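Q: Predicted model, plus sequence, below.
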Amino acid sequence: MIRYILRRILYAIPIAFGVSVVCFSLVYIAPGDPLQTVMPPDATAETIAIVKHAYGFDKPLPIQFLIWLGNVVTGDFGVSISTRRPVILEVTDALANTSLLALFAVPLSFSIGFAMGAAAGCFPGRWIDRIVTGAAVVGVSLPNYWLGIVLVIFFSVQYMLLPATGMGPNGSTEFHILQWSDARFLVLPVITLAMIPIGILARTTRAAVAEVRNQDFVQTLRAKGLSEWAVTRHVLKNALPQVMAVMGLQFGYLLGGSILVETVFTWPGSGFLLSKAIINRDVPVLQGTILTLSLIFVATNLIVDLLQSLIDPRIRRG
Amino acid sequence: MALGNHLILRRPRSGRLEGPAALIQRSIAMLALAASVMLAGIAAQAGGGTLTVGMTAGDLPATTGNPDQGFEGYRFVGYNLYDSLVLWDLSKSDKATDIKPGLATRWQVDKANPKRWIFELRKGVKWHDGCDFTADDVVWNLGYSADQKSPQFNPAQFAQSRSYLGNFAGVTKIDDHIVAFDTKVPDSLFPYEISYVLMISPCRAKEVKYNWANYAQHPSGTGPYRFDRIVPHQRLELVPNPAYWDKTRIPKQDRLVLIPMPEASTRTAALLAGQVNWIEAPSPDAVDRLKAAGMRIVTNPYPHNWTYQLNFVKGPFTDKRVRQAANYALNRSDMKELLNGLMLEGYSTVPPSTPYYGHPLLYKYDPDKATALLKEGGCLPCKVTFAISTSGSGQMQPLPMNELVKSQMEAVGFQVTLDTMDWNALLDVTRAGVDKYPDINAINVSRQTQDPFNALIRHVWTKQWAPKGSNWGHYSNPDVDRLVEQIYGEFDPAKRVALLTNLNEKINEDALLIFVAHDLNPRAMSPKVHGFVQAQSWFQDLTPVSVEP
Amino acid sequence: MTDIAALADRLEAFEEQAPPATIVRGYWQSVFDRLRHDPVTLAFGAIVLLIVLAAVFAPLIAPFDPYAESIIGRLKPFGWRGHLLGTDELGRDMLSRLLFGGRVSLLMGVVPVLIAALIGGVLGVVGGFVGGRVNTAIMRTMDVFYAFPSVLLAVAIAGAMGGGIGNGMLALTLVFIPPMCRVAETATTQIRALDFIEAARATGAKTGTIIRYHVLGNVLGPVFIYASSLVSVSILLASGLSFLGLGVRPPIPDWGLMLSTLRQSIYVVPFVCALPGVAIFITSICFNLVSDGLRAAMDVRM
């Protein structure tokens, strides 16, 4: 087991390197100037050349890559061009805000999705199955940014119940989850964000439960005279590993942030940071954000793999 | 008073000062407490309140002196935290704005040397950190933004101030309250140029050891507002500076909160939901809804020009008749309808309220004349390509507006291709100039026209050919160049206005641009906001504003 | 964005399913039979067909020129002067724009998936069949791209390259290749280990022939179903890119872009402004249901 874990961790290292190469080169396939953001519209070529030199963007690309990689390994992601703040601060701040959304969206969508899927899977073909299957496919087919806009029109503009945008009067540095004046800013983004994972989990759970119910041991249990409730408990227990795998992936995706939902709600999370970095061509932030999110994603996948192999040793993959 | 508590308790969490800096900060906080007690008296009679602004900027403007995010950055952050030697008089709404004394009380050109300006500095001014403002600070600040060899040089500041300091050659301290500026050539417009260069506190800069990221979290200026706190990308909070040197401009509200909201529909929703009480540039289509909710919409002409700069090197627009045809083709009242009335029909580079507007030749809508001119010019159908952006500072509603221009021009015989790009890509095209993009016939970049150089000279002067300047299409006319040099050498304001009027009329006569619209700078505010006077300027004075609870 | 999370969900479902062990005689016949008795899939299949036909024949059906503007006729409600679905912010006919927009949206939904299925499929089959170092090289490269949350990858690629239909489709294709490759590789590896391939080898069949008859025959099914399930994901993603300004450029009609530009006018004609979202939703849900039906019909174990 330990050897397996070690092997999986070692295996993540070349992937991380590959990811960093992709991150760095991604930015340089782009046309245009990485210093756009600090230049006023009427900056002259001479001005740009001087500033470029001051920021080190006039060095050859491979050298820039080595310098960047060297810094990244020591935890230095550089400095944002537009704000001059260290990228690591920018990314961790944004990640914290996204995690706040995930903190609510994850339990909400996991519990609702699992409950819906389990109910449907236990009564295949019955009305509850039909409703759940229909609702789940709506969830995965809905453009969630559109849903966000509609919710804002409804709850913020029409009825003035909930705020339309941002994180509220205290910003993210002093956000108090327990105070309604702050927490109410979470409601609409969390609902919007949870929609798709609910659909996905309901579908996965339903499929897994239905599959387990068809297995022989369920008949055996019934034959042994167990109550239907006890049989269901066994079924759910056996369907869990499969559902957990999908939950793990969803967790990773939610942590990665939702660019569209965060854009619609101006939520200052990682997805929003990334889209702003793209618009501003803020190269260090762009690289740092993608790299961090990808590494988190790699780590989440690794943990899911390991958890799965703990639960069911047959799954161990090379 | 609650305000005092805020000042002490709510310091930004990140980038906290250490050691002696902390000590200084604590004493500042004490000072602020004392000040706010003083202020409480003022606020009690004036109404106070918190003014929360939804800006169009994509991010918070830089707090390190000259801000980024265009003139919106100057409007809300630059001229609030800081002063320049020369300020803009924003107290009137019924006439074009002009400059007035700021940190300098008087200035004049050296009688013996037309390349030297003498500025007398205001006495008794203190930085927010308590240091005195002196001539040394002015010299230090020019090193900060213009001298690559000075230890305080900041490339970001250099980028933001370079276009205003193109003619700047050096600065010398004469005594503690007099400085002399040297210019490369005689420059009668230098006071306008220096009005865009904001002064930051060298005391604070030294305290943070020239770490500008740290300075950005603890800025110190001489302006009517002082910094309270910042949540990066989310909100910037300013509080009144009760010790401001201009007692008439001590802010009447208790707190000014600035929030970036680049999406127009987000700003509208935020205002309707009561999250902010002031938004910049509401979408024209939302105006009726806002009015129905009791919001106030204020507008005023200001020196802004939504226009096309033309290619004078290659293509149809090298022919004056084609340029005139394009201008005759436009039915600007349709455009006004498209924008729900939120524009001024544009027939010249500057709006008619400008002192040097004169009596320019106006190209009123005349489609027959346009077609006739195209025939005469031998360009029918006349194929042209415009580079346009999907959004951008001052671009108003670029997509629908360009679509309308296209359809109107095609009605008279043009064939217009719109090359749509994002704002940064269009800026690339704009800076590089016509040499690098010979097949683009016009660029749609709106320009500020606040002072004579930015309004007129940069578009026509041969010395301003891109990539060196803003003359994108490489227009060149010896008569005009001579006129420009006369303007720079004319130190008598009245005579200078006459020359500028001449230049403006020449520009129209030559159909240098396709004139379309001047923005009306709409903003929407809650009925609880009082006291705002909208000046005819990109900059606005927020100090008289108070907000009912 | 979690839209793409659907990608993983679907992939997961695939790894759980063993592909049909072999193509039995009458397999396609039985698939067809099952489909015939599945009214839901048939109904939604018909809607998909209608949407596709409407998009293909948009120039014939559309009552107005989708680019014809009218300043007096802007933002009008349903039924105004013959504009069945109202007009947009430039007075263009919404119905016509929705029809033409369907072309772009479907194009961006289908083309990246097809190309990705082709490239990913080939890579997966080659890797799975040849095995060894070739397989390792291919799959490890795919793993690197797998490490990116897919939406971030799509947005980053499209953003870096500056948007436009072409770049948007390229970005989506790059995002879909790795999972497609994995599906094909898994299926191929499983088939390869089965007895009948060995038997074919023993009888002296050429490698090319084996791939053509046995491997492709058994891999095509899973790849096809997986691809069909990605179409709705691709439509959602493409409209998302356009919504962010990284996809289709104006004035070309595209559902995502229309949603984004009409967002400013939502206070004037809310229902008209909601239409592009409805179009995206209906198309995406239909593709999802059809794909579900196909999956059920083609799964031999059921």
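A: Received the coordinates, thanks. Numbering: from 1, shown residues only, chains lettered A, B, ... in the order given.

Q: now for the helix or strand harbouring residue B:279, which elements pack on it?
A: Here residue B:279, judged by DSSP states H and E, is contained in strand B:278-280. On a contact count with 3 or more C-beta pairs under 8 Å, 6 or more residues apart in numbering or on different chains; DSSP states H and E, strand B:278-280 meets strand B:50-55, helix B:264-272, strand B:523-525. The C-beta positions use only the backbone N, C-alpha and C, and glycine is treated the same way.

Q: Can you tell me which of those is packed in deepest?
A: helix B:264-272 (a mean of 26; mean count of other C-beta atoms under 10 Å in any protein chain shown).

Q: Determine the set of other helices and strands touching it.
A: strand B:50-55, strand B:278-280, helix B:287-292, strand B:523-525.

Q: so which of the helices and strands packed on strand B:278-280 gets nearest residue B:200?
A: Ranking the helices and strands packed on strand B:278-280 by proximity to residue B:200 (C-beta to C-beta) places strand B:50-55 first, at 21.3 Å.

Q: returning to that earlier point: out of the helices and strands packed on helix B:264-272, which comes closest to residue B:235?
A: That would be strand B:50-55 among these, by C-beta to C-beta, at 8.7 Å.

Q: got the angle for that closest one vs helix B:264-272?
A: Counting by axes from the mean of the first three to the mean of the last three C-alpha atoms, to 10 degrees, strand B:50-55 lies at 170 degrees to helix B:264-272.

Q: How much space separates the residue of the stretch 51-200 of chain A found nearest chain B from residue B:237?
A: Going by C-beta to the nearest C-beta, chain B is nearest to residue A:171 of the stretch 51-200 of chain A, at 3.1 Å. Distance of residue A:171 to residue B:237, computed by C-beta to C-beta, to the nearest Å: 9 Å.

Q: do residue C:93 as well
A: Separation of residue C:93 from residue B:237 (C-beta to C-beta) stands at 48 Å.

Q: Between those two, which is the more surrounded one?
A: residue C:93 (28 against 22; other C-beta atoms under 10 Å in any protein chain shown).

Q: Look up phi and psi at the residue nearest to that one when sequence neighbours are not counted.
A: Spatial nearest neighbour of residue C:93, excluding adjacent residues (C-beta to C-beta, 6 or more residues apart in numbering or on different chains): residue C:64 at 3.6 Å. With angles defined as degrees, to the nearest 10, residue C:64 sits at phi -130, psi 170.

Q: Residue C:64 against residue C:88, yeah?
A: No - using C-beta atoms under 8 Å, residue C:64 makes no contact with residue C:88, being 11.2 Å away.

Q: Tell me which of those two has more neighbours.
A: For residue C:64 versus residue C:88, neighbours defined as other C-beta under 10 Å are more numerous around residue C:88 (29 against 18).

Q: Give me the nearest residue to that one, chain neighbours excluded.
A: residue C:94 is the one closest to residue C:88 (C-beta to C-beta, 6+ apart), at 5.8 Å.

Q: What distance do you get for the one you found to chain A?
A: Distance of residue C:94 to chain A, given as C-beta to the nearest C-beta, to the nearest Å: 16 Å.

Q: Now do that residue against residue C:36, distance only.
A: Applying C-beta to C-beta to residue C:94 and residue C:36 gives a distance of 37 Å.

Q: who has more neighbours, the two?
A: Legend: neighbour count by other C-beta under 10 Å for residue C:94 and residue C:36, higher for residue C:94 (27 against 11).

Q: Pull the contacting residues for the more buried one.
A: Taking C-beta atoms under 8 Å, 6 or more residues apart in numbering or on different chains as the criterion, residue C:94 is in contact with C:83, C:84, C:85, C:86, C:87, C:88, C:272, C:275.

Q: Name only those of those that count as buried.
A: C:83, C:85, C:86, C:87, C:88, C:272, C:275 (16 or more other C-beta atoms under 10 Å in any protein chain shown).

Q: What is the nearest of the residues you listed to residue C:284?
A: Closest to residue C:284, out of all of the buried ones among the contacts of residue C:94 and judged by C-beta to C-beta, is residue C:275, at 14.7 Å.

Q: Figure out the helix or strand that the closest one lives in.
A: In this structure, residue C:275 sits in helix C:270-298 according to DSSP H and E.

Q: The residue sitting nearest the centre point of chain C - nearest residue in space that isn't next to it in sequence?
A: Centroid-nearest residue in chain C: residue C:231, 1.6 Å away (criterion: C-alpha atoms, centre = their mean). Leaving aside its chain neighbours, residue C:231 sits nearest to residue C:287 (4.7 Å; criterion: C-beta to C-beta, 6+ apart).

Q: how near is that neighbour to residue C:233?
A: 9 Å.

Q: got it, and residue B:253?
A: From residue B:253 to residue C:233 the distance is 49 Å (C-beta to C-beta).

Q: and if you look at residue B:133?
A: Using C-beta to C-beta, we find residue B:133 at a distance of 61 Å from residue C:233.

Q: between these two, who's got more neighbours?
A: residue C:233 (28 against 24).

Q: Name the helix or strand for that one, please.
A: Following DSSP H and E, one finds residue C:233 within helix C:216-243.

Q: So for that helix, what gets flagged as buried?
A: C:216, C:218-243.

Q: which stretches of the stretch 101-250 of chain A form helices?
A: In the stretch 101-250 of chain A, the helices defined using DSSP state H, counting those that start in this stretch lie at A:127-141, A:144-151, A:180-213, A:216-223, A:228-256.

Q: Return the set of buried residues in the last one.
A: Looking back up the chat, that one is helix A:228-256. A:231-232, A:235-236, A:238-240, A:242-256.

Q: wait, does that helix make contact with chain C?
A: Yes - among the residues of helix A:228-256, A:242, A:245, A:246, A:249, A:250, A:252, A:253, A:254, A:256 lie within reach of chain C under C-beta under 8 Å from any C-beta of the partner chain.

Q: Now the third one. Nearest residue, chain neighbours left out?
A: So that's residue A:246. What sits nearest to residue A:246 in space, not counting adjacent residues and going by C-beta to C-beta, 6+ apart, is residue A:204, at 4.5 Å.

Q: Tell me the pLDDT of the one you found.
A: Looking at residue A:204, its pLDDT is 88.

Q: can you check residue B:46 too?
A: Listed pLDDT for residue B:46 reads 50.

Q: returning to what we had before: next step: the contacts of residue C:94 restricted to helices.
A: Using DSSP state H, the subset of those located in helices is C:272, C:275.

Q: can I get the contacts of residue C:94 in CSV with pLDDT?
A: Listed next are those as CSV, based on pLDDT from 0 to 100:
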residue, pLDDT
C:83, 90
C:84, 88
C:85, 92
C:86, 91
C:87, 90
C:88, 89
C:272, 89
C:275, 93
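
Q: Any regions of the stretch 151-300 of chain C where pLDDT drops low?
A: C:195-197, C:211-217, C:299-300 (pLDDT under 70).

Q: If we use 80, what do you get?
A: C:151-152, C:159-163, C:190-218, C:249-251, C:298-300 (pLDDT under 80).

Q: Residues of it that sit close to chain B?
A: Residues of the stretch 151-300 of chain C lying near chain B (C-beta under 8 Å from any C-beta): C:162-163, C:245, C:249-251, C:261, C:263-268.

Q: Narrow these to those in helices?
A: Those of those lying in helices (DSSP H): residue C:261.

Q: Need the residues of the stretch 151-300 of chain C next to chain B in TSV (columns: distance to residue C:142 and neighbour count).
A: Listed next are those as TSV, based on distance: C-beta to C-beta, whole Å; neighbours: other C-beta atoms under 10 Å in any protein chain shown:
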residue	distance to residue C:142	neighbour count
C:162	26	18
C:163	26	25
C:245	30	22
C:249	31	22
C:250	35	22
C:251	38	20
C:261	37	21
C:263	37	21
C:264	41	21
C:265	44	20
C:266	42	24
C:267	47	23
C:268	48	22
